[in-house]
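Trainee: Provide a 3D model corresponding to the input given below.
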Amino acid sequence: MKAKLGIAPIAWWNDDLEELSDDVSLDECLSQASKAGFTGMETGRRFPMQAAELEPVLAQHHMRVCGGWFSGLLLDSELAAEKDRIAQQMALFKAVGAPCIVYGETAGTIQGIRSAPLATKRRLSEDEIKAYGRKMTAFGEWCSEQGMPIAYHHHMAAPIETETELDLLVRHSGIGLPILFDAGHMAFAGGDVLRVIDRHHARISHVHTKDVRMPVIDGLDRARESFLDAVIKGAFTVPGDGSLDFEAIVKRLASYGYEGWFVVEAEQDPVKSPPFKMAQIGHRELLRVMAAAGYTVEA
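Mentor: Below is the predicted model of the structure:
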């Protein structure tokens, strides 16, 4: 089986909390990621949205686009509006050969609101998830037809956060809606990461290897503290530096034949956790667990 190792720029620049960012350019970010051993980078706020500008920078560091966030609003909007909103990113990602667009639902999300406690996140009824699942399926099918599939990102402080909510979304959507499995977000939400893989492996098309520091998460007051408070406190980190057993996680994905990108995505304070050092730790651990799981890592 084959695997590709990527990383997200959120370790260098946080898009939800800009002050929690390292003062490095896109060029330096790509350089550090490449030196750490990664061959792919997800996009972020300092990336140009034109292929003619982006491709030379990527080529200089032998890097590829391995995904990138799209702030979706389909929960509260119509298909036609979301098709228009995603068009520019879709054109860029097709031009540079990206594997997918990471769809994150931001209608009603509190993930970027420092003053909004975790306990106040938007909660949907099963009927609402059923209707939402139909819309997301139609959108996912359309994106695939255009040549650029999406991968749906369950996310802390978003409408689809918990294991139960993800179960309901999968139940009420079709195979036209692929799922991004994020170990860190699911663990933070209290889910069983291996059980989620067991239940939804057929829909998993993209993987974020985000680790967590469970002592930080367990110490949060969710009635008072927000998602961004948790990030600042150090809830997230890279594989090999946190609480999750990534050897078990990767072996479980391998048992179902998953092939593709494993992307380190770990936002934290770059002063306390220097991005280049953390990238090296994450890459070293991923190489170890990939070998244990029988993957061949593509250069």
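Trainee: so residue 109 touches residue 155, yeah?
Mentor: Yes: counting by Cβ atoms under 8 Å, residue 109 touches residue 155, with 7.5 Å between them. Any C-beta I mention is one placed from the backbone N, CA and C, and that applies to glycine too.
Trainee: what's the burial count for residue 288?
Mentor: By the measure other Cβ atoms under 10 Å, the count of residues near residue 288 is 15.
Trainee: Can you give the distance of the helix or strand hosting it from its chain's centre?
Mentor: Using DSSP states H and E, residue 288 sits within helix 275-293. Taking the mean of its C-alpha atoms, helix 275-293 sits 17 Å from the chain's own mean (Cα atoms, centre = their mean, to the nearest Å).
Trainee: swap in stretch 13-23?
Mentor: 17 Å.
Trainee: now do stretch 18-33
Mentor: Relative to its parent chain, stretch 18-33 has a centroid offset of 18 Å by Cα atoms, centre = their mean.
Trainee: mean confidence score for that stretch?
Mentor: For stretch 18-33, mean pLDDT rounds to 89.
Trainee: Make 55 the first number, not 1, from now on.
Mentor: Got it, the first residue is 55 from now on, which makes the last one we talked about stretch 72-87.
Trainee: which residues sit in contact with the most centrally placed residue in the chain?
Mentor: Nearest to the mean C-alpha position of the chain, counting by Cα atoms, centre = their mean, stands residue 262 at 5.0 Å. Counting by Cβ atoms under 8 Å, 6 or more residues apart in numbering, residue 262 touches 62, 207, 234, 235, 236, 237, 238, 239, 317, 318, 319.
Trainee: ok, now residue 194?
Mentor: Neighbours of residue 194 in contact, by Cβ under 8 Å, 6+ apart: 157, 203, 204, 206, 227, 230, 231, 232.
Trainee: Please report how far it lies from residue 201.
Mentor: Residue 194 sits 13 Å away from residue 201, taking Cβ to Cβ, to the nearest Å as the criterion.
Trainee: What's the local residue count around residue 145?
Mentor: Residue 145 has 15 nearby residues by other Cβ under 10 Å.
Trainee: helices or strands next to whichever strand or helix holds it in the packing?
Mentor: Applying DSSP H and E as the criterion places residue 145 in helix 133-150. Applying 3 or more Cβ pairs under 8 Å, 6 or more residues apart in numbering; DSSP states H and E, one finds that helix 133-150 contacts helix 105-114, strand 118-126, strand 155-159, helix 180-199.
Trainee: Could you tell me the angle between the shortest one and helix 133-150?
Mentor: In other words, strand 155-159. 150 degrees (axes from the mean of the first three to the mean of the last three Cα atoms, to 10 degrees).
Trainee: Also the last one?
Mentor: Angle, helix 180-199 to helix 133-150, by the same axes, to 10 degrees: 40 degrees.
Trainee: Helix 180-199 - what's its average pLDDT?
Mentor: Mean predicted confidence for helix 180-199 is 98.
Trainee: Now tell me what touches the following helix or strand past that helix from outside.
Mentor: Using DSSP H and E, the helix or strand that follows helix 180-199 in sequence is strand 204-207. In this structure, residues lying in contact with strand 204-207 by Cβ under 8 Å, 6+ apart are 121, 123-124, 154-159, 190, 193-194, 197-198, 214, 223, 231-234, 236, 239, 259-260, 262.
Trainee: Check which residues of strand 204-207 are buried.
Mentor: Buried positions in strand 204-207, judged by neighbour count with 16 or more other Cβ atoms under 10 Å: 204, 205, 206, 207.
Trainee: Dump these into a markdown table; add distance to residue 270 as well.
Mentor: A markdown table is the format used below for those (distance: Cβ to Cβ, whole Å):
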| residue | distance to residue 270 |
| --- | --- |
| 204 | 31 |
| 205 | 27 |
| 206 | 26 |
| 207 | 21 |
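Trainee: Pick the one among these closest to residue 148.
Mentor: The closest of those to residue 148 turns out to be residue 204 (Cβ to Cβ; 12.8 Å).
Trainee: Leaving out chain neighbours, which residue sits closest to the residue nearest to the centre of the chain?
Mentor: Closest residue to residue 262 apart from its sequence neighbours, by Cβ to Cβ, 6 or more residues apart in numbering: residue 236 at 4.0 Å.
Trainee: Next, count neighbours for the one you found.
Mentor: Counted with other Cβ under 10 Å, residue 236 comes out at 24.
Trainee: Out of the contacts of residue 262, who's the most crowded?
Mentor: For the contacts of residue 262, neighbours tallied by other Cβ under 10 Å; top is residue 318, 29 neighbours.
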